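Novice: Structure for this input, please:
(chains A and B)
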Amino acid sequence: MGRYLLRRLLQLVPVFIGTTFLIYWLVWAVPGDPFAGKCGERRCPDQYIAFMTEKYHLDQNVFVQYGNYMKNLLQGDFGQTFQQREISDIILTAYPNTLKLALVALAIEAIIGLGAGVLSGLRRNGFLDNLVLVSTLFLIALPVFVVGFVLQWLLGVQWGIIKPTVSSEMRWSELIVPGFVLGSASVAYIARVARTSIAENRRADYVRTAIAKGLPMRRVVGVHLLRNSLIPVVTLLGTDLGALMGGAIVTEGIFGINGIGRQVFRAIITKESATVVGIVVVLVLVYLVMNLLVDLLYAALDPRIRYE
Amino acid sequence: MRVSKRATSAIALSAAAALVASGCSSGGDGDTAASTDGSIVVHGVQPENPLVPSNTTETGGGKIIDWMWTGLVEYPNDGGAPRNALAESINTTDSKVFTIKIKAGTKFHDGTEVKAKNFVDAWNWAAYSPNGAQNGTFFADIAGFDQTYTTDPDGADGPKKAPTPTTDKMSGLKVIDDQTFEVTLAAPTAVFPTKLGYSAFMPLPDVFFTMKPEEFGRKPIANGPVKFVSWEDNALIKLTRFDDYNLRDKMKVKDVDVKLYQDDNAAYADLLANNLDFMEVVPTSALAGDKWKTDLGDRGRSTVTPSTAFIAFPIYDKRFQNPKLRRAVSLAVNRQEISDKIFFGTRKPADSWANPLTPGAKPGNCTACKFDPATAKTLLAEAGGFTGEMVFYYNADSAHKDWMDAVAQQVKTNLNINARAEGVPTFAVFRQNINAHKMTGPYRAAWQQDYPDVENWVNPLFVTNGSSNDGLYSNTEVDALAKQASGAPSLEASHEAFAKAVEKVDQDVPSIPVYFYGQQSGHSEKIKKLELNNVGEIDITSVEL
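Specialist: Here you go, the predicted model:
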């Protein structure tokens, strides 16, 4: 177990260097001079451009720039945006917001998706099963921005049940609707995977044995069936956290949430490699750690799985 | 900048007078009448730079700077000639040497007094080129500017660096006493006092010069009716009334929250739900079919702003050097149709070179702005036709596709030129090509005046080497007339001479005015009264609940 963990952690190093360089280089290669559009319809004074170019070492080649960036990063300095703002500040304010949103989405996915999946898996081809099938199909077919705009307009503007946008305090209660929107497509996938898995295991030998032993149905489903059917669902949920955080840009935009999606978008447009890499580095770490956690969870769910 | 306006001006003025008469009574605490307190939430976008006036050129930050600072002069909301604000008097006999006296006893938000040296130091800071201020060139009129502001001999991209200036003080600025300073210009400039209301000319407190500008800009200290409280990036900027403010335009509400939106549609949803008190420009999606009118009812308002959309010609490209061809293209554009069909009447067809809201502008002086396809065809034939493809460029990251497509289509239909419109992905790439003079076809441009005078519509756009003369238009007659106009002894004489320069421009058609911008704003139910300033921003000192 210990060696396995160490090996997995060591794998992070090349992945980390590879992704950061790739991203740094890609943003650097985006066409356009970062200061060309900065002064509106007027050309920026050469003195301003010279001042900024020197400040951000933009006259160096991309390898030197990246080297400088990594040197500072390893000392804990994320650098500054072209707006002369500390990138670490942006990361510290935007990340908790996106994480909160993603966690709410994940919770909604787990509760609704798993609940619907289990119920429909147990009563296959019943009314409920068909209802879940059709409604998940509907959710998958709808793009996130449609769900978002419709819910915002209906609940926020027409009926006045929620505020159309999330306030800067980011209260949990305000995040329920945005969380649902963000997680809506995944809810559907979770429900379907859970349904298939439950339906399959429902006919497994150990379930039949458990029922024959006279165990109460609650225990059969809750302990034996659910636990064994959860592995594919946990995989999906675990890897989804990273996807939710990276994919939150549309939801963040609709509900006015100051999260990382918006920051990355702005930074790409303005060619701020340092900001993009800074944010993505943390996102990459989230992905890797979540994958590791999921792998470790397998062992907890299924005692037959062991890591050496 | 912050004055009462429009139809309500008589009532508004008397209200303002009553407030002045009551002195600082509104400085008292919460339990005064409800109308003097309360808070509003207004729409904003994250400022691009730390809030330093001479380093802010975009509206996100510019708006907050306009609210927080009071300059020497202010621009009336109804667009008339500027009037003194912080200045007691601005005197000159020759439009070259100005003696500026400021009102005594006004304060910065940190409690220090606003003195003449705060202006002189702020202007010197901005004009010292190593400080890299975006608005540095606004001080080019002042004597000694060329000593403090050195330029790079081979441009910003070249290997050489600009020499360090020999001094960091312009010789044309002289502090006489705490309330008086003298400005000597390099050449007579009638419009100079008008410029003084622009944000680049705001005073800075002593503490600015003891810290890094970006640190100051995160917690700016100004001298206007509202002061800074806090700034949460991309989320919220909080401002509150400055109770020691003793000039005319005091705040009536107490707190102003500027909510920083990423998406106009989110802000619009908030506005509809009364969750946002003011939105300056409703999103384009709400304009279609006059949706905003149904949505907002009497909470919506439509106004005109002193901005014009142009299509500029790359005159450095020899295919566009014949004025007859340029006039033909201009005459082939049906501006009325674009205004009606694409903008649902919210933007007016352009018929003059300077925006008609600008003092000194002559309405209707663009003879090339008519729709006359027959003459256009004749002119095109006289110019020898146009071979190849005429591509109209625009930046695709903003809503320009529809009207640029329409322009290209009209040129194609009316002149039989193989024309089409093409989007350049981002504004940055678009501007980069324009700055480098690499455009291969006419391209969209827009101009919003920095300060209200026709001078701002001629010198930057049509004079050789003007700061936004990107198409490299050059006509020695225009240059001479504009020079004479700039140096005229009075504004009236200056406006007369500029009118003559514009007549020459009208012959050459270096760019074509297409439409005058309009603005559709909305406010919440709780706002009882509100005015917009001369460029369409909310005048927060006018807001009453």
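Novice: any idea how far chain B is from A:Ile279?
Specialist: For A:Ile279, the distance to chain B (Cβ to the nearest Cβ, to the nearest Å) stands at 13 Å. (Each C-beta comes from the backbone N, C-alpha and C, glycine too.)
Novice: Which residues are in contact with that residue?
Specialist: Contact analysis of A:Ile279 by Cβ atoms under 8 Å, 6 or more residues apart in numbering or on different chains lists A:Ile90, A:Ile91, A:Ala94, A:Tyr95, A:Ile260, A:Gln263, A:Val264, A:Ala267.
Novice: hmm, who's touching the helix or strand harbouring the third one?
Specialist: It refers to A:Ala94. A:Ala94 belongs to helix A:87-108 when assigned by DSSP states H and E. Applying Cβ under 8 Å, 6+ apart, the contact partners of helix A:87-108 are A:77-81, A:170, A:172, A:175-176, A:178-180, A:182-183, A:186-187, A:237, A:240-241, A:244-245, A:248, A:251-252, A:257-263, A:274-275, A:278-279, A:282, B:232-235.
Novice: ChimeraX command to pick out the buried ones of these?
Specialist: Paste this into ChimeraX to select the buried members of the contacts of helix A:87-108, with burial taken from 16 or more other Cβ atoms under 10 Å in any protein chain shown:
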select /A:78,79,80,81,170,175,178,179,180,182,183,186,187,237,240,241,244,245,248,251,252,257,258,259,260,261,262,263,274,275,278,279,282 /B:233,234,235
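Novice: Can you flag which of the contacts of helix A:87-108 belong to strands?
Specialist: Within the contacts of helix A:87-108, residues falling in strands by DSSP state E are B:Glu232.
Novice: tell me which of the contacts of A:Ile279 is nearest to chain B?
Specialist: Comparing the contacts of A:Ile279 against chain B with Cβ to the nearest Cβ places A:Ile90 closest, at 6.4 Å.
Novice: and the residue nearest to B:Ile315 when sequence neighbours are not counted, how many residues sit next to it?
Specialist: In this structure, B:Ile315 finds its nearest non-sequential neighbour in B:Gly471, 4.7 Å apart by Cβ to Cβ, 6 or more residues apart in numbering or on different chains. Residues lying near B:Gly471 (other Cβ atoms under 10 Å in any protein chain shown) number 24.
Novice: quick one: pLDDT of B:Gly471?
Specialist: pLDDT, B:Gly471: 91.
Novice: Could you look up the SS state of the nearest residue in space to B:Thr194 that is not next to it in sequence?
Specialist: Spatial nearest neighbour of B:Thr194, chain neighbours left out: B:Asp453 (4.8 Å); criterion: Cβ to Cβ, 6+ apart. Classification of B:Asp453 by DSSP: H, G, I helix; E, B strand; the rest coil places it in coil.
Novice: Kindly report the same for B:Gly518.
Specialist: Per three-state DSSP, B:Gly518 ends up strand.
Novice: From B:Glu492, how far out is it?
Specialist: 29 Å (Cβ to Cβ, to the nearest Å).
Novice: The two: which has the busier surroundings?
Specialist: For B:Gly518 versus B:Glu492, neighbours defined as other Cβ under 10 Å are more numerous around B:Gly518 (19 against 11).
Novice: picking up where we left off before, residues of the helix holding A:Ala94 that come out buried?
Specialist: Buried positions in helix A:87-108, judged by neighbour count with 16+ other Cβ under 10 Å: A:87, A:90-91, A:93-95, A:97-108.
Novice: Which pLDDT value does the model give B:Ala33?
Specialist: B:Ala33 is given a pLDDT of 40.
Novice: Could you do B:Leu271 as well?
Specialist: Taking B:Leu271 on its own, its pLDDT is 94.
Novice: who's in contact with the helix or strand it falls within?
Specialist: Using DSSP H and E, B:Leu271 maps to helix B:264-272. With Cβ under 8 Å, 6+ apart as the test, helix B:264-272 has contacts from A:149, A:152-153, A:156-157, A:163-165, A:253-256, B:43, B:259, B:261, B:276, B:279, B:281-283, B:285-286, B:295-296, B:522-524.
Novice: Show me what from the stretch 201-308 of chain A comes close to chain B.
Specialist: Counting by Cβ under 8 Å from any Cβ of the partner chain, the residues of the stretch 201-308 of chain A close to chain B are A:Glu252, A:Gly253, A:Ile254, A:Phe255, A:Gly256, A:Asn258, A:Arg262, A:Gln263, A:Ile269, A:Thr270, A:Lys271.
Novice: Which members of those residues are positioned in helices?
Specialist: Applying DSSP state H to these, the entries found in helices are A:Glu252, A:Gly253, A:Ile254, A:Arg262, A:Gln263, A:Ile269.
Novice: biggest separation within those residues, which pair?
Specialist: By the measure Cβ to Cβ, A:Ile254 and A:Ile269 form the most distant pair in these, at 19.0 Å.
Novice: distance of the nearest residue to A:Ala110 once chain neighbours are set aside from A:Gly113?
Specialist: In space, and not counting its chain neighbours, A:Ala110 is closest to A:Leu237: 6.1 Å by Cβ to Cβ, 6+ apart. Distance of A:Leu237 to A:Gly113, computed by Cβ to Cβ: 8 Å.
Novice: any low-confidence regions in chain B?
Specialist: B:1-36, B:154-159 (pLDDT under 70).
Novice: Look through it and state the residue closest to chain A.
Specialist: Proximity to chain A, evaluated over chain B using Cβ to the nearest Cβ, is greatest for B:Gly132 at 2.9 Å.
Novice: which ones are touching the residue nearest to that residue when sequence neighbours are not counted?
Specialist: The shortest distance from B:Gly132 to any non-neighbouring residue, by Cβ to Cβ, 6+ apart, is to A:Phe51 (2.9 Å). By Cβ under 8 Å, 6+ apart, the contact set of A:Phe51 is B:Pro130, B:Asn131, B:Gly132.
Novice: buried sites along the host helix or strand of A:Phe51?
Specialist: Following DSSP H and E, one finds A:Phe51 within helix A:46-55. Judged by neighbour count using 16+ other Cβ under 10 Å, the buried positions of helix A:46-55 are A:Asp46, A:Gln47, A:Tyr48, A:Ile49, A:Ala50, A:Phe51, A:Met52, A:Thr53.
Novice: Wait, a strand at B:Gly224?
Specialist: No - membership of B:Gly224 in a strand is not supported by three-state DSSP, which gives coil.
Novice: Could I get the contacting residues of it?
Specialist: By Cβ under 8 Å, 6+ apart, the contact list for B:Gly224 reads B:Trp67, B:Met68, B:Trp69, B:Thr70, B:Phe242, B:Tyr245.
Novice: try 7 Å
Specialist: B:Trp67, B:Met68, B:Trp69, B:Thr70 (Cβ atoms under 7 Å, 6 or more residues apart in numbering or on different chains).
Novice: So for the last one, what's the nearest residue that isn't a sequence neighbour?
Specialist: What that stands for is B:Thr70. That would be B:Gly224: by Cβ to Cβ, 6+ apart, it lies 4.3 Å from B:Thr70.
Novice: What of B:Trp447?
Specialist: In space, B:Trp447 is closest to B:Thr308, 5.6 Å off (Cβ to Cβ, 6+ apart).
Novice: Within the helices and strands, which one has the one you found?
Specialist: strand B:300-312.
Novice: helices or strands up against that strand?
Specialist: If you count contacts as 3 or more Cβ pairs under 7 Å, 6 or more residues apart in numbering or on different chains; DSSP states H and E, strand B:300-312 packs onto strand B:443-448, strand B:511-523.
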